[in-house]
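1. Okay, sequence plus prediction incoming.
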Amino acid sequence: METPASIFAYAPAPESRSVVDIAPSYGLFIDGEFTDAADGKVFKSVSPATEEVLSEVAQAGADDVDRAVRAARKAFEKWSALPGAERGKYLFRIARIIQERSRELAVLETLDNGKPIKETRDADLPLVAAHFFYYAGWADKLDHAGYGADPRALGVAGQVIPWNFPLLMLAWKIAPALATGNTVVLKPAETTPLSALFFADICRQAGLPKGVVNILPGYGDAGAALVAHPDVNKVAFTGSTAVGKEIARTVAGSGKKLTLELGGKGANIVFDDAPVDQAVEGIVNGIFFNQGQVCCAGSRLLVQESVQDEVLDALKRRLTTLRLGDPLDKNTDIGAINSAEQLARITALADTGEAEGAERWSAPCELPDSGYWFAPTLFTNVTQAHTVARDEIFGPVLSVLTFRTPDEAVAKANNTQYGLSAGIWTEKGSRILAVANKLRAGVVWANTFNKFDPTSPFGGYKESGFGREGGRHGLEAYLDV
Amino acid sequence: MALAVPLWAKAPCTSRYARRYAPLVTMRTTPPTKTEEAGRATPGAFADVTTSASTLRRFLHGLPGVDAVGLEARAASLGTRSIKTTAKAYAIDLAISMIDLTTLEGADTPGKVRALGAKAVHPDPTDRTTPRTAAVCVYPDMVATAKEAVAGSGVKVASVATAFPAGRAALGVKLADVRDAVAAGADEIDMVIDRGALLAGDYLKVHDEIVAVKEASGSARLKVIFETGELSTYDNIRRASWIGMLAGADFIKTSTGKVGVNATPANTLLMLEAVRDFRAQTGVQVGVKPAGGIRTSKDALKFLVLVNETAGADWLDDHWFRFGASSLLNDLLMQRQKLATGRYSGPDYVTVD
Amino acid sequence: MSDARLSVLKTYKLYVGGKFPRSESGRVYEVTDPKGKWLANAPLSSRKDARDAVVAARKAFGGWAGATAYNRGQVLYRVAEMLEGRREQFVREVADAEGLSKSKAAAVVDAAVDRWVWYAGWTDKIAQVVGGANPVAGPYLNLSTPEPTGVVAVVAPQESSFLGLVSVVAPVIASGNTAVVVASERAPLPALSLGEVLATSDVPGGVVNVLSGRTGELATPLAAHQDVNGIDLAGADAGLAEELEIAAADNLKRVLRPQAVDSDADFTAAPGTRRLTAFLETKTVWHPTGSLGASGSAY
């Protein structure tokens, strides 16, 4: 008989791929129709777990951007004039259809993005539906939102979203835009265009008027053309800080309303009286959720020096139980890195960490032969001066720093150009409140991490961007106030 | 990476609890010897912890707190593990072999206990490859009957004792209860702690009573029931776990099955963390037994996942993990039949208790 | 009294870190009334003065942001009190600066005093109006609270040298930011005198810093300064505003763009909350709540 250890190595439990039917090719979605790019260009969307080509997608260029913006402009007049209650009902429909199709969309997202089905099924998709459901209800209540009587829509919103939460970021952008009466041209990331194109089909099923939502798969040039388009009234971007700054320069002087949700280097602060077992879970969730490809990841662990050994021992023990592999397997904890390019970036930064003298530890795990993979990794002996403590890695790499006193913890946590997220682990209530008060970050999780909700505003301080998405606050970005 | 690589090989780290406690006691710097561990109530590293009410209290209050939401979230997330095919077949047999098949009714009769014993020995009369359960669990006056019913099978007889389930009796009565059970041949004693004393903060009383029961149990293995539903907070459950382990418990057990809240994923996870930490610091392994409320195979498998990913594979054995259950067995048997035949089974194809 | 008495003129100085320095450049420029009559020589601040002002504002930020909202409200109200006491001086300075009649200037000063009172009352209310508990779907208490952005550069309106100035500075500091103010280039004297009021109103040194000089020369390094978190472009013309907005992108400053509403006529209108919320960050903190005890949550 085999030992229990080997036989209880959970047999594969793959989610069925057959719930999703991916077409061999997709067009741009403009004015309610799928259409080829003006110049006929296409690109391939690849499954990062297997490098299999999933579909061939039309690649938007500047002409297509213009066409889409014109369609959105044409649709704006009627859409913004609809009674809020009617707009809201479209959004409620969309929310419901997403719930109905959530398993299909979860599998699709896992295929295109590489993240575990456990996450798309239990986090992404429920949040996507909830976001539409939440903003649907605002559409006829804008007078009561605290932005004065009868706040007006801005017009055409140009939205550019990243690849880490493709459908969730789409929801964060489109739901408030439509609820407030704007029309939308959205560019998904070039590595994850498929769920946005499926969303176009959901718009069709919901009977959304033509031109209200336009989807333009493409690369950075299409995004740049979109934000620069003179007939766009509102620009919303989620992505890197470098691109965010470029966009801010582009829209300067144009009067376009701008919101940016950018990078981060979140500090997860563990005090000596922390609930250790839950803190370890929070650390793991903070940096290994979605392979660490999360702008609000807790990528810096600040642990009180007096409990460093104990916390790190427990953390390493826990990391050895993480299961890396087929993202469609329901038991997979760590999926694939989204692209070869991102993997190269993570690898280079991790190598820099090692070269600069930080001590590297990776969970013992076998990486699949094909696809893009990176083992969960810790760096210890890291100081504020190390590159891995300052640069956003956007991967499953945790930098461990120590502190001696609460003051030092706060000073180190705030010592970054970013200010998106932070975590606090302590059993002392007054310390939670005092530390949370002093952290310069838009979202602070006390004794928890990486929690999201449509009612809860999300966004950064400093170079993590400006504006808030979610909640009542999220309406402001799309209203002329 | 899929499976826990035990880190036990490394020397027990100087724990935070130990460090916090350092001003109070002199920590030993050498690992405890084997003989020391085997026979004694308090493992060497923590010998001084139980010397007085105040040292014990300070130690227990120095244990890390438990965040309820985080604990329950972790338990729930482990509950989403999907156990299929070979792993499922293995896990079902493992779960059957871990059951303490229990009858604890005022209406128990020798006939009922004999039927239970027969079922423990051959859970599925139609399939003799079905593993036996770990034990039958009965009241002390039924031990002799049970012993006879399972004779020669390897199935152990566990007896509840110490004025189960309330435990509200004088210590002498409780100890007499234990001695009776042991004299009747019980292999295992399932005692209840004095929850009132624990809630009143009299930790040493709880501890000393366990020590006394352990002594009265002789060679029988001692399971210590906390009645977690009455302790109310996770912090209390963690403290109770440490009291039990320090006092020499062979198993720590969630519940009597007689109150509203019995074994839950979260309280069992917490106790698994306790035995994991205890072994890391003392080298002494203690078993865990969730009891009450686990009725389906699906639930049982999820508890095995908790064991696998928290304490580790070393606990995936009926010597270290038990289910206190009765109706669970039939559901496991039906699942077992389904795996064997490909058809869903029904209650007519398993035996009524 | 003899007509021959020569009046004592005031040497106008900058207001930086609670002190009244001259420009480190040692230079001044001539300030006249709209008809060209000499009024005073104002310090011609340099980029180094701007840098020093940012240092002072940063140093003051922690204390000011950390003060209770009630305390900030009292301090702002104290400014109104002090200003009321110096009403005659400001009426004269505003009349000279903007070429207004005494009565029109008096109306402007009165409005400015009232504006301080308006914002004094806002300090301990804005958090309740724009923050609150979010009903998240889960066992968490989730609270959003506004916090000040940090150091804010304020390009004060060019024409409305006093009411416009107060209208842009008061909301910035009401919410706990500290400010580096570039006064109206042509009419900086009311702004420099306001420094004297602030210095005697319990406003901690460095919370407001006032620079006079060439708007473009001062605003440009402030817009590019990496330790400035926000910029109000009220007094920048379209060309300069665009330039400053581009420079501000380097560290993603929060930019309050000049709008039609900022034109001079409108500073007399009710200010609303737009400026008050322009330099606020929303911080959202999650706390687990859960059940009181080890509840019976089961699979």
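-> The structure has been received and is ready for your questions.
2. So which bits of the stretch 51-200 of chain C are right by chain B?
-> Where the stretch 51-200 of chain C comes near chain B, counting by C-beta under 8 Å from any C-beta of the partner chain, the residues are C:Pro139, C:Tyr140. Every C-beta, even on glycine, is put in place using the N, C-alpha and C of the backbone.
3. hey, where'd the helices end up in the stretch 51-200 of chain C?
-> C:69-85, C:87-98, C:102-122, C:126-130, C:163-174, C:189-199 (DSSP state H, counting those that start in this stretch).
4. Show me what counts as buried in the third one.
-> Within helix C:102-122, the residues that qualify as buried are C:105-113, C:115-120, C:122, counting by 16 or more other C-beta atoms under 10 Å in any protein chain shown.
5. Closest to chain A out of those?
-> Of all these, the one sitting nearest chain A is C:Trp122; the distance, using C-beta to the nearest C-beta, is 14.2 Å.
6. who's in contact with the closest one?
-> Taking C-beta atoms under 8 Å, 6 or more residues apart in numbering or on different chains, we find C:Trp122 in contact with C:Gly73, C:Pro171, C:Ala174, C:Ser175, C:Thr273, C:Leu276.
7. one step back: taking the buried residues of helix C:102-122 together, which two end up most distant?
-> C:Ala105 and C:Trp122 (26.1 Å; C-beta to C-beta).
8. of all of chain C, which residue lies closest to chain B?
-> C:Pro288 (3.5 Å).
9. ah, wrong one, I meant the stretch 51-200 of chain A
-> For the stretch 51-200 of chain A, C-beta to the nearest C-beta, closest residue to chain B: A:Lys118, 6.5 Å.
10. hang on, that residue in a strand?
-> No. If the criterion is DSSP: H, G, I helix; E, B strand; the rest coil, then A:Lys118 is helix and not within a strand.
11. close enough to count as contact, it and A:Lys330?
-> Yes. Using C-beta atoms under 8 Å, A:Lys118 is in contact with A:Lys330, at 6.2 Å.
12. can you list the residues of the stretch 151-300 of chain A near chain C?
-> Counting by C-beta under 8 Å from any C-beta, the stretch 151-300 of chain A sits next to chain C at A:Thr241, A:Gly244, A:Lys245, A:Glu246, A:Ala248, A:Arg249, A:Ala252, A:Gly253, A:Gly255, A:Leu260, A:Leu262.
13. Report the contact partners of A:Ala130.
-> A:Ala95, A:Asp453, A:Pro454, C:Ala137.
14. about what we covered before: which of the helices of the stretch 51-200 of chain C sits most buried?
-> Ranked by mean neighbour count, those are led by helix C:163-174 with a mean of 27 (mean count of other C-beta atoms under 10 Å in any protein chain shown).
15. on that earlier part again, using a markdown table, lay out the contacts of A:Ala130 together with neighbour count and secondary structure.
-> Output for these, formatted as a markdown table (neighbours: other C-beta atoms under 10 Å in any protein chain shown; DSSP: H, G, I helix; E, B strand; the rest coil):
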| residue | neighbour count | secondary structure |
| --- | --- | --- |
| A:Ala95 | 24 | helix |
| A:Asp453 | 22 | coil |
| A:Pro454 | 26 | coil |
| C:Ala137 | 13 | coil |
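16. which of those residues lies closest to C:Val207?
-> Nearest to C:Val207 among the contacts of A:Ala130, with distances taken as C-beta to C-beta, is A:Asp453, at 36.1 Å.
17. which outside residues touch stretch C:155-166?
-> Outside stretch C:155-166, the residues touching it (C-beta under 8 Å, 6+ apart) are C:90, C:93-94, C:97-98, C:108-109, C:111-112, C:115-116, C:167-169, C:181-191, C:194, C:215, C:219, C:231-236, C:244, C:262, C:264, C:267-268.
18. Ramachandran angles for A:Glu261?
-> Main-chain torsions, A:Glu261, degrees, to the nearest 10: phi -120, psi 110.
19. The closest residue in space to it that isn't next to it in sequence: how many residues sit nearby?
-> Leaving aside its sequence neighbours, A:Glu261 sits nearest to A:Thr238 (C-beta to C-beta, 6 or more residues apart in numbering or on different chains; 4.3 Å). Applying other C-beta atoms under 10 Å in any protein chain shown, we find 24 residues neighbouring A:Thr238.
20. same deal with C:Thr11?
-> That count, for C:Thr11 with other C-beta under 10 Å as the rule, works out to 12.
21. do A:Pro126 as well
-> If we define neighbours as other C-beta under 10 Å, then A:Pro126 has 17 of them.
22. okay, it: pLDDT?
-> A:Pro126 is assigned 98 on the pLDDT scale.
23. What of A:Phe8?
-> As predicted, A:Phe8 sits at a pLDDT of 80.
24. Chain C versus that one, what's the distance?
-> Distance of A:Phe8 to chain C, given as C-beta to the nearest C-beta, to the nearest Å: 18 Å.
25. neighbours of that residue, just the number please.
-> 23.
26. Show the pLDDT at the residue of chain C closest to chain B.
-> For C:Pro288, pLDDT reads 96.
27. now do B:Pro43
-> 71.
28. Next up, phi/psi of the closest residue to it other than its chain neighbours, please.
-> Closest residue to B:Pro43 apart from its sequence neighbours, by C-beta to C-beta, 6+ apart: B:Thr282 at 3.8 Å. Backbone torsions of B:Thr282, given as degrees, to the nearest 10, read phi -120, psi -20.
29. my read: B:Thr282 touches B:Val49, true?
-> No. Between B:Thr282 and B:Val49 there is no contact under C-beta under 8 Å: 11.1 Å.
30. and those two? which has more neighbours close in?
-> Shown here are B:Thr282 and B:Val49; by other C-beta under 10 Å, B:Val49 has more neighbours (25 against 21).
31. in a helix, that's where that one is, yeah?
-> Yes. B:Val49 sits within a helix when classified using three-state DSSP.
32. burial of residue 215, as a residue count?
-> Picked chain A for this. For A:Ile215, the count of nearby residues is 28 (other C-beta under 10 Å).
33. Hmm, no, I was thinking of chain B.
-> By other C-beta under 10 Å, 13 other residues sit near B:Glu215.
34. Now do it against B:Gly244, distance only.
-> The gap separating B:Glu215 from B:Gly244 is 15 Å, by C-beta to C-beta, to the nearest Å.
35. now swap in A:Lys89 and tell me
-> 59 Å.
36. Which one's more surrounded, the two?
-> Taking neighbours as other C-beta under 10 Å, A:Lys89 and B:Gly244 compare with B:Gly244 leading, 30 against 16.
37. show me the contacts for the more buried one.
-> B:Ile193, B:Ile210, B:Val224, B:Phe226, B:Ile252, B:Val286.
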